[in-house]
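Peer 1: how would this look folded up:
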Amino acid sequence: MHPFTKRPAAAVSSLGEERLIAEIRRWLGNVSPRSPFGIGDDCAVLPATRGQQLITVDPVIYGRHFDDSIAPRDVGAKLLKRNLSDMAAMGGRPRAAVLALTLDANVSLKWLEGFYRGLAACAREYGVTIVGGDISQADRTVVASLTLLGEPDGGKMLTRTGGRRGDAIYVTGVLGGSRESGHHYQFRPRLREGAWLARTAGVRAMMDISDGLAKDLHAIVPHGARPFIEPKSVPRRAGASLRAALSDGEDFELLFVFDRSADAAAMERRWRRSFPRTRLTRIGEIVGKRDSLDGAVNFAALRGYEHLTRVRAGNR
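Peer 2: Okay, here's the model as predicted:
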């Protein structure tokens, strides 16, 4: 659905900011608490936590993360799920979010209602409250940026660092063809899986795959080492080439490193019992800079999605 309208009465400008915020409250329903615990004050008030807190932010931009072929409900859900995937990568549990909108005055009220109702449905599913935000105006623009807060979900907090030479490299799910298949907005963030991995002895480091395995993998490999990835081991979505599986991005799967001295077979058995419908694949290991890479994926000619480069409209 196209987010803009040529009918002034059907545009956000027909309401103005205050009435639009009132409508947003109605569209969000019970996922937005009353002020000061939700929309209505200069800041929202959140309950104190005893432990560490997690915070992440991600946007969706018209012409970059979505286009007219995607329903506005799915755009709203994708915005939250992008952030939930980051939370999953740390083994976190989401709690609350704030949303900043930058809109053209001719954005359709029908489109925006669908966006918020999709966001609200996703927030209910994952137990997130929408506690505030902001609205700004800019010509020919639809940008929504969501900041999500959470906390570790009972296990240790995982980061991208901690892997060592000899450790195994795993991914969840399948990779590649995310845009062609619709996976880039229909995916389910791996929150349960991420929390499970954070509680599992032997998992040293983890991240989500958003910019493509070929790019993201290097962030989880320690300095002075490199990844050895066997081409046949990379799990691919039906119809996706190896290059697509390595470079497409927006897979939103988990990539993690497992201690070489821990019992990987036992971990895999427990995984299959806990997540029988989610594939887990060992794709390689961390090796030294001077170790042989015969038969491994050659990353020199591959790159994932790189921000701030010239790309076609509609790409990420």
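
Peer 1: Now the terminal residues of stretch 175-188, how far apart.
Peer 2: 14 Å (Cα to Cα, to the nearest Å).

Peer 1: er, stretch 150-163 actually
Peer 2: Span of stretch 150-163 from end to end, Cα to Cα: 24 Å.

Peer 1: how about that stretch: buried residues?
Peer 2: For stretch 150-163, the neighbour count (16 or more other Cβ atoms under 10 Å) marks 150, 151, 152, 153, 155, 158, 160, 162, 163 as buried. Quick note: C-beta positions are derived from backbone N, CA and C, even for glycine.

Peer 1: mean confidence score for that stretch?
Peer 2: Per-residue pLDDT over stretch 150-163 has a mean of 90.

Peer 1: Also stretch 213-221?
Peer 2: On average, stretch 213-221 scores 93.

Peer 1: Ends of that stretch, what's the gap?
Peer 2: End-to-end for stretch 213-221, by Cα to Cα: 12 Å.

Peer 1: Among the buried residues of stretch 150-163, name the ones in strands.
Peer 2: 150, 151, 152 (DSSP state E).

Peer 1: Distance to residue 277 added to those residues, as CSV?
Peer 2: Formatted as CSV, these follow (distance: Cβ to Cβ, whole Å):
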residue, distance to residue 277
150, 24
151, 27
152, 25
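
Peer 1: of those residues, closest to residue 121?
Peer 2: Distance to residue 121 across those (Cβ to Cβ) is lowest for residue 150, with 19.1 Å.

Peer 1: what's the spacing between that closest one and residue 199?
Peer 2: Distance, residue 150 to residue 199, using Cβ to Cβ, to the nearest Å: 16 Å.

Peer 1: Residue 292 too?
Peer 2: Taking Cβ to Cβ, one finds residue 292 at 35 Å from residue 199.

Peer 1: swap in residue 62?
Peer 2: Counting by Cβ to Cβ, the gap from residue 62 to residue 199 is 39 Å.

Peer 1: Compare the two (neighbour count), which wins?
Peer 2: Taking other Cβ atoms under 10 Å, residue 62 and residue 199 do not tie; residue 62 has more neighbours (23 against 14).

Peer 1: Would you confirm that the more buried one contacts residue 140?
Peer 2: No: between residue 62 and residue 140 there is no contact under Cβ atoms under 8 Å: 9.0 Å.

Peer 1: correct me, but residue 280 touches residue 271?
Peer 2: Yes: using Cβ under 8 Å, residue 280 is in contact with residue 271, at 5.0 Å.

Peer 1: How is this structure divided into domains?
Peer 2: 8-152, 168-301 (automatic domain parsing).

Peer 1: can I get those domains in TSV with distance to residue 1?
Peer 2: Listed next are those as TSV, based on distance: least, Cβ to Cβ, whole Å:
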stretch	distance to residue 1
domain 8-152	6
domain 168-301	13
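
Peer 1: what's the closest of the ones you listed to residue 2?
Peer 2: Using Cβ to Cβ, the nearest of the domains of the chain to residue 2 is domain 8-152, at 4.8 Å.

Peer 1: any idea how far residue 167 lies from residue 286?
Peer 2: For residue 167, the distance to residue 286 - Cβ to Cβ - is 5 Å.
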